[in-house]
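Chemist: Whatever this is, show me its structure:
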Amino acid sequence: MQIHELRYSNKNTYIIEGDKGSLLFDTGWAGAFPAFCKALGEIGLTLQSISYILISHFHPDHMGIAQEIAENGPVLLIPDVQKDYVHFADHIFEKEKHSSFVPIVDEKAISFPLDDGRRILERIGINGQILHTPGHSDDSISLLLDNGSLFVGDLNPLYELELHKGTLIE
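Modeler: A predicted model of the protein is given here:
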């Protein structure tokens, strides 16, 4: 397994290469597609080398180019805990008249029960699990690999930890 951090926007975006495919974790803002492709080339990868996309949460800065990427082959994975949030950012991009944004095409994505996350990852040759980690947003998920690597979108600030004592966020 190999992990690549892509540097093309102000968001953390990763490609995890498994034995049978690869997974892109988060995508960044709408409009970043050319920079994304350039960053892929800089590490010797192509769009076609990405099998699946997993979004930490469906805020504009984490999923903005997901569908553009998916139109080139990779399939978007949507755990059931995120299904009601997939189009959360659509109205934000519409309001901003962001012409480069392409909304998610639900029919082309793979939805699955969160409990099947390990099985889905195993198909790619990645050992790990997808965890529901609400806090920053209700649809937040994290990817925990068996080697101890942890991928998250946004975290609540540590100085707020006391505020969340005894809650799901803690």
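Chemist: So which helix or strand of the protein has the lowest pLDDT on average?
Modeler: Within the chain, no helix or strand scores below helix 90-95, which has a mean of 82 by mean pLDDT, DSSP states H and E.
Chemist: which residues sit against that one?
Modeler: Helix 90-95 is contacted by residues 30, 60, 64, 101, 103 when judged by CB atoms under 8 Å, 6 or more residues apart in numbering. All C-beta atoms are positioned from the backbone trio N, CA, C, and that covers glycine.
Chemist: Now name the helix or strand holding residue 129.
Modeler: Element membership of residue 129, judged by DSSP states H and E, is strand 128-132.
Chemist: mind showing which ranges of the chain have poor pLDDT?
Modeler: Residue ranges of the chain with pLDDT under 70: 97-98, 156-157, 164, 168-170.
Chemist: longest single helix anywhere in it?
Modeler: helix 33-42 (DSSP state H).
Chemist: Show me which residues of that one are buried.
Modeler: 33, 35, 36, 37, 39, 40 (16 or more other CB atoms under 10 Å).
Chemist: hang on, the earlier thing: mind listing which of the contacts of helix 90-95 are in helices?
Modeler: Per DSSP H, the contacts of helix 90-95 map to helices at residue 60.
Chemist: among the contacts of helix 90-95, who's most crowded?
Modeler: Highest neighbour count within the contacts of helix 90-95: residue 64, with 27 neighbours (other CB atoms under 10 Å).
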